[in-house]
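Visitor: starting from these lines, generate the structure:
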Amino acid sequence: AAAAANAVPQLSPDDVRGLITILRLLQVVVGGSSSSRVVVHQMPRWRPLQSLFGLLACPVPPRVKAALNRTIATFTYSPELVGLIWQHVESAQILNTKHASSSSLSRAASTATGARD
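Guide: This is a model prediction of the structure:
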């Protein structure tokens, strides 16, 4: 009984396809303009970045994780969102930043933001 309570629900192939389709649609919507990224980000009911990073922490298939990462990356096209996204990356420890030096983090952040100029 304890094992059943701890079991992680599996996504069906249709669920995976549907989720990837929704993520691709979101990439198109927010990829179109800075104002669309900011508007979508500011929708209180959607909370897209929190939701996307939350899903990254879930045991989902690699295809879904890749689509999540691509969608998050689309939001980084807006400079006003980069800092918030970096906070989510650090908080979730997607990249190990706890033992990295502050100078290497600064170089990584400036390289990431400078690559789109």
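
Visitor: show me the contacts for the residue positioned nearest the centre of the chain.
Guide: Central residue of the chain (C-alpha atoms, centre = their mean): Ile72, 3.6 Å from the mean position. Residues near Ile72 by C-beta atoms under 8 Å, 6 or more residues apart in numbering: Leu49, Leu52, Phe53, Leu56, Ile85, His88. Backbone N, C-alpha and C define where each C-beta goes, glycine included.

Visitor: tally up the residues packed near the residue nearest to the first one when sequence neighbours are not counted, please.
Guide: What it means is Leu49. Excluding its sequence neighbours, the residue lying closest to Leu49 (C-beta to C-beta, 6 or more residues apart in numbering) is His88, at 6.0 Å. Counted by other C-beta atoms under 10 Å, the residues lying close to His88 total 17.

Visitor: what helix or strand is His88 on?
Guide: In this structure, His88 sits in helix 79-92 according to DSSP states H and E.

Visitor: how much space between the residue nearest to Leu49 and Phe75?
Guide: Distance, His88 to Phe75, by C-beta to C-beta, to the nearest Å: 10 Å.

Visitor: shared neighbours, the two?
Guide: Residues touching both His88 and Phe75 (C-beta under 8 Å, 6+ apart) are Leu49.

Visitor: chain center to the biggest helix by length in the chain: distance?
Guide: Determined from DSSP state H, the single longest helix within the chain is helix 13-31. Relative to the centre of its chain, helix 13-31 is centred 13 Å away, using C-alpha atoms, centre = their mean, to the nearest Å.
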